[in-house]
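**Q** Give me a model of this one.
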Amino acid sequence: MKHPQFCLFFIISLFLLGCKHDQTEFAMHDREFTDSVYPEMQYQQQLNLELQKMADAPEIKNVGIRRAEENQAYIQQLAANTNTQDQFPQASLKEEHLQKLTLLRQHHPVQFEQLHSLLIDSDQKMIGFHVKATGSIGLLNPDLRAWAETKIAHWTADLNEIQGLKK
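**A** From the prediction side, this is the model:
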């Protein structure tokens, strides 16, 4: 009889600890967020350039142009919210991004299916960065946290659009 009571107590304790949501849990600094987001944005801009080169598919080319413009606006908003205007131009592509771009560009013209997959993956990462930034151990800066939360819908819409894109 002791074991079922202990198990019930243990389960309830875990539930209550898991539900704890205290403002003091926020732990992410602005720089931690931007250090994740800026390189991914630079990578996305390279992927968008590849979309724009798809002259045989004007609707795909237009998506690349629009995404590049939206990403520039996003970068400007992020810089304004974090006072990191100088950070993005200095950010360099991560080694993993360089490798993926090299593999992508080995084929001329670029294979749409491979580019499509890379864009989906990158959009999913951007959603993940923003979900983490707004979660229980998210950004300390309440204004940036609120801004990041509004961007989840943007990245979800971009992901949905890319997933539905066909050549």
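
**Q** Find the centremost residue of this structure, please.
**A** The structure's the chain has its C-alpha centroid closest to M126; by CA atoms, centre = their mean the separation is 0.5 Å.

**Q** what's near enough to touch that residue?
**A** Counting by CB atoms under 8 Å, 6 or more residues apart in numbering, M126 touches V37, E40, Q44, W155, D158. From N, CA and C alone the C-beta is placed, and that goes for glycine too.

**Q** and these as TSV, adding distance to S136 and neighbour count?
**A** Formatted as TSV, the contacts of M126 follow (distance: CB to CB, whole Å; neighbours: other CB atoms under 10 Å):
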residue	distance to S136	neighbour count
V37	19	25
E40	22	19
Q44	27	23
W155	20	20
D158	25	22
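
**Q** quick one: which of those is nearest to V63?
**A** Checking those against V63 with CB to CB, the nearest one is D158 at 9.4 Å.

**Q** what number of residues lie near the residue nearest to the closest one when sequence neighbours are not counted?
**A** Excluding its sequence neighbours, the residue lying closest to D158 (CB to CB, 6 or more residues apart in numbering) is D123, at 5.2 Å. By the criterion of other CB atoms under 10 Å, D123 has 24 neighbours.

**Q** Report the buried residues of the one helix or strand D123 maps to.
**A** Secondary structure assignment for D123, by DSSP states H and E: helix 112-134. For helix 112-134, the neighbour count (16 or more other CB atoms under 10 Å) marks 112, 114-116, 118-119, 122-123, 125-127, 129-130, 132-134 as buried.

**Q** wait, what's in contact with the residue nearest to D158?
**A** Counting by CB under 8 Å, 6+ apart, D123 touches W155, D158, L159, I162.

**Q** how near is it to Q52?
**A** 17 Å (CB to CB, to the nearest Å).

**Q** Then Q46?
**A** Counting by CB to CB - Q46 and Q52 are separated by 11 Å.

**Q** Just the ones of the contacts of D123 in helices?
**A** The helices, defined by DSSP state H, take in W155, D158, L159, I162 from those.

**Q** Which two of those have the greatest separation?
**A** Of all pairs drawn from the ones in helices among the contacts of D123, the greatest distance, 10.4 Å, lies between W155 and I162 (CB to CB).

**Q** Hmm, G164 and V63 touching each other?
**A** No. Between V63 and G164 there is no contact under CB atoms under 8 Å: 10.3 Å.
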